[in-house]
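K.L.:
The sequence isn't on hand, but the structure is:
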Ligand SMILES: [Zn+2]
Ligand SMILES: [Zn+2]
């Protein structure tokens with residue numbers, strides 16, 4: 001499914017099967033989850049995507065061919081990786097971070113998520129809305145074939161796919177909240193649903209904010225274990241130690257600040273957000289902080305993929321065949337999905 005130009009529908013098209021270059025894996029795609037970032041790219045809200053582009057950066061598949069140089073020690077290997085060897089038939093995950101230079105000031109200080117020359121899957125590199133894709137092996141994750149049956153949903157290709165962005169970026173956002181005891185989450189979509197399970201598992205008290213009047217989502221959050229769920233226009237019963245904003249709505253930033261205790265932090269987890277309105281300095285005073293989360297490091301991925309089966313994190317899936325990618329994007333845009341949209345490809 002090819003994006004020729006932002007603002008247009010994806011086109012179902014036969015394209016040549018990619019060949020793995022040096023250091024790359026050819027992966028037969030089994031499933032690719034749909035991310036809000038895909039919508040931002042299609043809607044022209046992110047600058048200069050590769051065009052034409054195959055979207056998709058939450059890819060699960062099997063290694064079909066191994067390029068030259070894979071499985072050899074590399075200068076840009078991640079120190080966090082336990083197993084960087086790949087074999088044909090291995091089940092792998094391909095995330096948003098697709099390539100870094102390994103050489104800039106950020107890469108050299110364990111902040112490869114901020115790399116000056118990073119390339120991103122399904123944005124600057126063709127992604128997973130396709131039967132095959134190639135990826136730099138150093139940025140692929142091993143996905144075990146089984147997670148000891150702790151959660152059947154993670155053992156399936158469609159079930160594990162949303163972990164690769166909603167899970168990883170959510171995890172990075174969550175870790176930025178430190179040891180906050182009372183955690184607020186604004187926007188209860190895929191990332192929030194996954195990270196809420198981890199937060200509850202780690203004993204955090206959870207406060208969930210939805211669109212005003214969205215009683216169904218508030219109910220779902222309470223059923224998951226949130227101590228309070230309400231509209232983003234409501235004041236929670238207790239002050240929060242931290243808040244994560246997953247909704248791409250700028251006015252939520254000052255709203256979340258007002259809900260914080262002294263020393264609290266607001267973490268913006270999205271890649272795009274509408275403008276943040278002005279607010280009085282007194283709302284920031286008291287060492288409150290605002291930060292964004294950009295991309296992921298391979299270490300985030302290793303950590304989250306290790307911890308998720310132990311929670312165990314459960315995923316809720318709305319599966320679509322590849323050729324219905326436009327329908328999946330449309331339903332995502334309209335908030336009409338029951339779970340994470342995943343393209344089931346093979
Ligand atoms: Zn770099
Ligand atoms: Zn994403």
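P.N.:
Received, thanks. Because the structure is predicted, anything quoted here is derived from the model rather than measured. Ligands and ions are numbered 1, 2, ... in the order given.
K.L.:
So which bits of stretch 107-115 are buried?
P.N.:
107, 112, 113, 115 (16 or more other Cβ atoms under 10 Å). Placement of C-beta: from N, CA and C, glycine included.
K.L.:
what's next to it, contact-wise?
P.N.:
76, 78, 97, 100-102, 104, 106, 118, 172, 294-300 (Cβ atoms under 8 Å, 6 or more residues apart in numbering).
K.L.:
Give me the buried entries from the residues you listed.
P.N.:
Applying 16+ other Cβ under 10 Å to the contacts of stretch 107-115 flags 78, 97, 100, 102, 104, 106, 118, 172, 295-300 as buried.
K.L.:
which of those residues lies closest to residue 286?
P.N.:
residue 172 (25.1 Å; Cβ to Cβ).
K.L.:
residues of the host helix or strand of the closest one that come out buried?
P.N.:
Under the criterion of DSSP states H and E, residue 172 resides in helix 166-175. Using 16+ other Cβ under 10 Å as the burial criterion, the residues of helix 166-175 that qualify are 166, 167, 168, 169, 170, 171, 172, 173, 174.
K.L.:
Looking at the chain, which residue reaches furthest from the middle?
P.N.:
The C-alpha centroid of the chain is most remote from residue 282, which lies 32.8 Å away (Cα atoms, centre = their mean).
K.L.:
Is that one in a helix, a strand, or coil?
P.N.:
What DSSP: H, G, I helix; E, B strand; the rest coil gives for residue 282 is helix.
K.L.:
Give me the pLDDT value at it.
P.N.:
Note on residue 282: pLDDT of 97.
K.L.:
and what of residue 145?
P.N.:
Note for residue 145: predicted pLDDT of 76.
K.L.:
A helix includes it, no?
P.N.:
No. Counting by three-state DSSP, residue 145 is not part of a helix but coil.
K.L.:
List the contacts of it.
P.N.:
Listed by Cβ under 8 Å, 6+ apart, the contact set of residue 145 reads 91, 155.
K.L.:
what's the distance between it and ligand 1?
P.N.:
Computed as Cβ to the ion, to the nearest Å, the residue 145 to ligand 1 distance reads 33 Å.
K.L.:
One more: residue 66?
P.N.:
In terms of Cβ to the ion, residue 66 sits 25 Å off from ligand 1.
K.L.:
what's the answer for residue 186, then?
P.N.:
On the measure of Cβ to the ion, residue 186 and ligand 1 end up 31 Å apart.
K.L.:
Where does residue 267 sit, in terms of helix or strand?
P.N.:
Using DSSP H and E, residue 267 maps to strand 260-268.
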